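K.L.:
Got a predicted model here, sequence first, then my questions.
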Amino acid sequence: MANTHKILLVEDQKHILDFFATALIKNDFDCIYVESDEPVMTIMAAESIDVIVTYYKMPGIPKPRGLMPIIRLSKWLEVK
């Protein structure tokens, strides 16, 4: 049975991104994965994302400002 949760993985190190994506996909999670934060807002506007796995602080973006556009777009998202 397929898992109904859609996960967005954001990771700039390809080997780590590939590891997590492969593990989640093998366990029937629906995953979208990207190597930078640039396409995140476009993806969030187009897709129904349940979970975002990313850094709290992305390189080059002061925390927590990097997550603020995502939080504003999806007010129900919790940052943990």
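P.N.:
Structure received.
K.L.:
I'd like to know how many residues surround residue 34.
P.N.:
Using other CB atoms under 10 Å, residue 34 has 17 neighbouring residues. To be clear about C-beta, it is placed using only N, CA and C from the backbone, and glycine gets the same treatment.
K.L.:
Now do the same contact list for the nearest residue to it once chain neighbours are set aside.
P.N.:
Excluding its sequence neighbours, the residue lying closest to residue 34 (CB to CB, 6 or more residues apart in numbering) is residue 10, at 5.6 Å. Contacts for residue 10 (CB atoms under 8 Å, 6 or more residues apart in numbering) come out as 33, 34, 36, 37, 40, 52, 53, 54, 55, 58.
K.L.:
Please work out how many residues are found near residue 30.
P.N.:
Neighbours of residue 30 under the rule other CB under 10 Å: 16.
K.L.:
Just the pLDDT for it.
P.N.:
On the pLDDT scale, residue 30 is placed at 91.
K.L.:
thinking it is in contact with residue 5, fair?
P.N.:
Yes - using CB atoms under 8 Å, residue 30 is in contact with residue 5, at 7.0 Å.
K.L.:
Okay, residue 6 and residue 20: tell me how far apart.
P.N.:
Residue 6 is 14 Å from residue 20, where distance means CB to CB, to the nearest Å.
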